[in-house]
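# how would this look folded up:
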Amino acid sequence: MSQAIPFLERPPALTGELAGDVGFDPLGYAQNQEVLMNMREAEIKHARLAMLAAVGWPLAELWDNRIADYFNLQPALEVGNRVPSFFNGGLGKVSPVWWGFCIGLTAAIDLYGVSRSRKLDPTYIPGDLNFDPLGLYPKQNNLEGRKRMQLAEIKHGRLGMIAITAFAVQEAVSKISIVDETPFFFFPISETLNKL
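Okay, here's the model as predicted:
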């Protein structure tokens, strides 16, 4: 039985081998092991990007105006200090050169990841880019530590995907920036209480 949905059968491809696998695939996307690995690879990529975006979104709202003033540039924030997004508009303010750089960098990272995944290395796990400059990932002999780190990454990534979606929808509906909507997360509590 599925751990996530106890009244449904666990899909056959979801063996519990991957970190964060609780048998949740109600639409039956993971038909076999190859499809499952491709889906996990995509999930890891989106999760990592979402974690960066969940941090970068409020930081942009906090620092964009100051950085733009320092470099004598036009701020990228929209009316109400909202980050440019699909819902908020303002994506046209971002330089096409920057978009090109981002797409090129993303393509290069993706091609490297695809080449690593196609080498048929039995120790390869989805999302393994062999990039750990701070040495945080446990060594090969610490399998328990590696599993724990993989589980933490996928859980934080899933939360990041939910958070960034919530940021975009919240700003589109309320027309108020995330930082202004929840100042107690981003400013000293004394400063926030004085504004009330």
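
# Could you use CA atoms for every contact and neighbour count after this?
Fine.

# what's the spacing between residue 16 and residue 4?
12 Å (C-alpha to C-alpha, to the nearest Å).

# so what sits against both of those two?
Both residue 16 and residue 4 are in contact with 22-23, where contact means C-alpha atoms under 8 Å, 6 or more residues apart in numbering.

# Check which helices and strands the biggest helix by length in the chain is in contact with.
The residue-count maximum for a helix in the chain (DSSP state H) belongs to helix 33-70. Packing contacts for helix 33-70, counted by 3 or more C-alpha pairs under 8 Å, 6 or more residues apart in numbering; DSSP states H and E, involve helix 143-174, helix 178-181.

# Can you name the next helix or strand after it?
helix 96-117 (DSSP states H and E).

# what's the distance between stretch 159-176 and the middle of its chain?
Averaging C-alpha positions (C-alpha atoms, centre = their mean, to the nearest Å) puts stretch 159-176 13 Å from its chain's average.

# Stretch 21-39 too?
For stretch 21-39 - counting by C-alpha atoms, centre = their mean - the centre lies 20 Å from the chain centre.

# remind me which residues of the protein are low pLDDT?
In the prediction, the chain carries no residues with pLDDT under 70.

# Nearest residue to the middle of the protein?
residue 50 (1.7 Å; C-alpha atoms, centre = their mean).

# residues contacting that one?
157, 160-161, 164.

# Next one: it from residue 39, what distance?
When distance is defined by C-alpha to C-alpha, residue 50 is 16 Å away from residue 39.

# Show me what counts as buried in the longest helix of the chain.
Across helix 33-70, burial judged by 16 or more other C-alpha atoms under 10 Å covers 36-37, 40-41, 43-48, 50-51, 53-54, 57-58, 60-62, 64-65.

# related to what we said a few turns ago, where's the residue nearest to the centre of the chain relative to residue 154, distance?
Counting by C-alpha to C-alpha - residue 50 and residue 154 are separated by 11 Å.

# contacting residues for residue 156?
47, 51.
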